[in-house]
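Chemist: Sharing a model prediction with you, sequence too.
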Amino acid sequence: MSSTAHLTWFVRHEFRLAWREWLAMMTGGRRRRNRAVIGLLVFAAILHLPAYAVVARYVDLRFPLDPSSLIVLTATIFLSWALMLSQAIESVTRVFYARADLDLIMSSPAKLTNIFSIRIAAIALTVSSMALLLSTPFIDVLVYLGGARWLAGFGVVLAIGLSAAAAAIAVTAFLFRVIGPSRTRLVAQIVSAVIGAGFVIALQVVAVLSYGTLSRFAFLTSDTAARIAPAPDSPLWWPARASLGDVEIMMLLLAASLVLLGVVMAVFAPRFADTVASVAANPAAVTQGRARAFRSGSRQQALRRKEFLLLRRDPWLLSQSLMQMLYLLPPALMLWRSFSGTSTAIVLITPVIVMAAGQLAGGLAWLTISGEDAPDLVATAPLPPSRVTRAKIEVVLIAIATVFAPLVLALTFASPQQAAVTAIAIIIATASAAAVQLWFRAQAKRSQFRRRQTSSRIATFAEAFSSIGWAATAALALTIPVAALVSGILTLLTLAIAWKISPRQA
Amino acid sequence: MSARIEPKRPIPVNKPLIRLYHHIYGDMPQHGLIRISRSICPVRFTAPKRFLSKVTQPTSELPDRHHIMTSQLSALALRGLTKRFDRPAVDALDLTIRVGEFYALLGPNGAGKTTTLRMVAGLLRPDAGSVSILGIDALADPVAAKQIMAWVSDEPMIYDKLTPLEYLEFVAGLWGIDPRASEKSARNLLISLGLEPHLNERCEGFSKGMRQKVALAGALVHDPRLIILDEPLTGLDALSARHVKGLLQERVRTGCTVIMTTHILEVAERMADRIGVIASGRLIAEGTLNELREQNGRNDTTLEDMFIALVDTEAAAA
């Protein structure tokens, strides 16, 4: 096989792998390609409706814009870039650690620099494709209503996808060099989570501190931001100008992204082999546990202890929890501010806390109920399954109580009634999330946490709707109690439907 | 290590007594202030003497292993055990394994060995039939049956983020073993399996053989009376395999019953008291090596030859 044929073959192989990984994500490992494609097309078609609602009013936007609009548009593009960077870091980490074909590739007579260059390009294209997929409905609406100039949006999305992938590879390679392969996995996951959420949270923190509101647009649309913004011809506004239809700047950005990716490929592809080899040579650093005497207690206590120990030592959960905690930072700051003011905006804290509790409980419940690495051991232990389940749910409740009790306690000083409503809503949201996980439990390894949503789409939606529903109910209970009743009943109805169609009930 | 049987003789401990204990004290009996014959009694007790006096009989006799093996109590009795998936995986299987016996269950891939053992371990619910473990109806009272049993699968299922000692602490806690006793036992087990340098290392970096040894130590730490192993020697190097075999033989010498599936026929030939051959979910031959040879009509044949002949005959008949 010639060198070119070799590379072409490998490109095909990479795209096949990327496609199958995506398909597995979408179908939960079940081979339903046609259904997945039809589902995707239907989803994309339906997405045009919310896209219309969001962007239709902006079709007449043209450069030059007022400073506030320019700032908001640029910030939105930067947020998209941060999210893509987060996704790309995860893809790169997966390639380093999880692909089962690395031994085969490394032992083949193919030129490794070329092979890894293709792999880097594949990561960039996968990240960009996902971004294009999600942005297409929005750009479609703009093109349909506002003309062909909006097609430049595709170029901008591609440019930020390619540059985000390049940055992700550079960040991961830097982490490898600085902290070594064994720590990089954990740190990269945390960095990925923080980058994904960090930008929005930072805007909220600034908004809370400066304007006493949780709105992330408060700072962006403020006079202060407009005053410190650079002149309209600054390169800082190029992404915004390109997305508004400036083809020349769009081409410039695309070219710059391609050059950046090319540089990253040239610099890092030859080192990729060394990096992968060091991961293989050191699959997991020897981590010493603390030697201590065996502890006494009931069987349920033994189960709870094990669950807490595993939760503490789970890097994925650590990064996920960190993200949840970061989301709690703005409401916590707002709470702190409210002690010195009379703002009614403090009511907004309750839905944020309840929603965060529901989401965190969902993740914890999956880890404890479904993510059992030794199911045979627990199933052959001499205690009834109901006690095992009870112990696992207790772990979720205790963990949620530990995280949220301080916030509720602080809220008690500001508004005892709101604290009571928040506490009750947290308990209900946690119980609902745990119930959904119980109804849809599917035994899996804890390492499959990232793909937990794919095991049941219904469970994912039920969990999300339940968190949102209870958050809304709690907020309404503080403002319009009658509406809270309706919202509560609707949320219960959602849960009842989920229970009815869960595998045990079918 | 020499054979050592506890100085007790068979006593009539059975399900009604276990139930009685449940009724009086509301929990499963655990282990003991007063040790009852571990070869016979399915549980160890921390029960007060007023209860134990009802179920124990003092004895000064020392039964040998032959006595245990020929006693009437079976470690495992399967009657008409049936499980169907898309086809019958286990087909009305009858099997009796005596207390203190090392029993090897052989069969080709897909014969129903693992399905049978998973039903015994309580991991699968049979479609029909009964499972009796040391006199306990495992389907009616699975918790009591699990208390005296251990299961080790061919794919070691342990927690990557725990150290071997932490894993064993968890297992001992699940079985309700006194931590002082279980800690010593856990350390000894891990050391005897050659894991002393790794006692406090997390299992995530362990090889498959090391993981299998940790899983095996977990199965033995609660001192089960019946040990079920599905391909326990898969992935072990020669030295580790010898450690494991030695450990299992030692357990059998102390009156424990071991049931093991294996594709390494030499292991079955050398270790097993009796061998059962299963094909298409049915027991097609059973006995000691000599009995199997007699059934086969040749005294110099190897187990491998007999096994292949039996399976071929069964396949031809099917």
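Modeler: Looks like it arrived, so ask away.

Chemist: Please make it C-alpha for all contacts and neighbour counts, starting now.
Modeler: Will do.

Chemist: Report the beta-bridge partners for the residue nearest the centre of chain B.
Modeler: With distances taken as CA atoms, centre = their mean, residue B:227 lies nearest the centre of chain B, 1.6 Å away. Taking DSSP bridges as the rule, residue B:227 bridges to residue B:150, residue B:258.

Chemist: right, and it touches residue B:150 too?
Modeler: Yes. With contact defined as CA atoms under 8 Å, residue B:227 reaches residue B:150; the gap is 4.9 Å.

Chemist: where do the contact lists of the two overlap?
Modeler: Residues touching both residue B:227 and residue B:150 (CA atoms under 8 Å, 6 or more residues apart in numbering or on different chains): residue B:219.

Chemist: quick one: contacts for residue A:134?
Modeler: Residue A:134 makes contact with residue A:44 under the criterion CA under 8 Å, 6+ apart.

Chemist: scratch that, residue A:117
Modeler: So residue A:117 contacts A:265-266, A:269 (CA under 8 Å, 6+ apart).

Chemist: Make a PyMOL selection of the buried ones in the residues you listed.
Modeler: The PyMOL command for the buried members of those (criterion: 16 or more other CA atoms under 10 Å in any protein chain shown) is given here:
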select buried, chain A and resi 265+269
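
Chemist: Let me know the closest of the contacts of residue A:117 to residue A:154.
Modeler: Closest approach to residue A:154 among the contacts of residue A:117 (CA to CA): residue A:265, at 23.3 Å.

Chemist: How much space separates the residue lying closest to the closest one once chain neighbours are set aside from chain B?
Modeler: In this structure, residue A:265 finds its nearest non-sequential neighbour in residue A:117, 5.5 Å apart by CA to CA, 6 or more residues apart in numbering or on different chains. The gap separating residue A:117 from chain B is 30 Å, by CA to the nearest CA, to the nearest Å.

Chemist: Wait, a strand at residue A:117?
Modeler: No. Using DSSP: H, G, I helix; E, B strand; the rest coil, the assignment for residue A:117 is helix, not a strand.

Chemist: Roughly how far does it sit from residue A:126?
Modeler: Residue A:117 sits at a distance of 14 Å from residue A:126 (criterion: CA to CA, to the nearest Å).

Chemist: what does the stretch 301-450 of chain A put close to chain B?
Modeler: With CA under 8 Å from any CA of the partner chain as the criterion, the stretch 301-450 of chain A comes near chain B at residues A:301-303, A:306, A:309-310, A:313-314, A:373-377, A:379-384.

Chemist: do that again at 6 Å, thanks
Modeler: Residues of the stretch 301-450 of chain A found near chain B (CA under 6 Å from any CA of the partner chain) are A:302, A:373-374, A:380-383.

Chemist: can you map out the helices along the stretch 51-200 of chain A?
Modeler: With DSSP state H, counting those that start in this stretch, the ranges of helices along the stretch 51-200 of chain A come out as A:67-97, A:102-107, A:112-146, A:152-179, A:181-211.

Chemist: now the first one, how far from the chain's geometric center?
Modeler: I take that to be helix A:67-97. Helix A:67-97 sits 11 Å away from the centroid of its parent chain (CA atoms, centre = their mean, to the nearest Å).

Chemist: again, but for the last one
Modeler: Between the centre of helix A:181-211 and the centre of its host chain there is 11 Å, according to CA atoms, centre = their mean.

Chemist: can you pull the buried residues of it?
Modeler: Across helix A:181-211, burial judged by 16+ other CA under 10 Å covers A:181-182, A:184-209.

Chemist: Could you do the longest one as well?
Modeler: The neighbour-count check on helix A:112-146 (16+ other CA under 10 Å) flags A:112-129, A:131-132, A:135-143, A:145-146 as buried.

Chemist: Looking at the residues of the stretch 301-450 of chain A next to chain B, state which has the most neighbours.
Modeler: residue A:381 (30 neighbours; other CA atoms under 10 Å in any protein chain shown).

Chemist: mind checking which helix or strand it is in?
Modeler: With secondary structure defined by DSSP states H and E, residue A:381 is part of neither a helix nor a strand.

Chemist: Contact partners for it?
Modeler: With contact taken as CA atoms under 6 Å, 6 or more residues apart in numbering or on different chains, residue A:381 is in contact with residue B:146.

Chemist: Distance-wise, check it relative to residue B:255.
Modeler: Distance from residue A:381 to residue B:255, by CA to CA: 22 Å.

Chemist: What of residue A:94?
Modeler: Counting by CA to CA, the gap from residue A:94 to residue B:255 is 50 Å.

Chemist: and if you look at residue A:302?
Modeler: Residue A:302 sits 29 Å away from residue B:255, going by CA to CA.

Chemist: so where is the stretch 301-450 of chain A shaky, pLDDT-wise?
Modeler: Within the stretch 301-450 of chain A, the segments meeting pLDDT under 70 span A:315-325, A:332, A:334-345, A:450.

Chemist: one step back: format the helices of the stretch 51-200 of chain A as JSON lines; extra columns: mean pLDDT and distance to residue B:86.
Modeler: Below are those laid out as JSON lines (pLDDT from 0 to 100; distance: least, CA to CA, whole Å):
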{"stretch": "helix A:67-97", "mean pLDDT": "81", "distance to residue B:86": "37"}
{"stretch": "helix A:102-107", "mean pLDDT": "70", "distance to residue B:86": "37"}
{"stretch": "helix A:112-146", "mean pLDDT": "85", "distance to residue B:86": "40"}
{"stretch": "helix A:152-179", "mean pLDDT": "88", "distance to residue B:86": "47"}
{"stretch": "helix A:181-211", "mean pLDDT": "73", "distance to residue B:86": "42"}
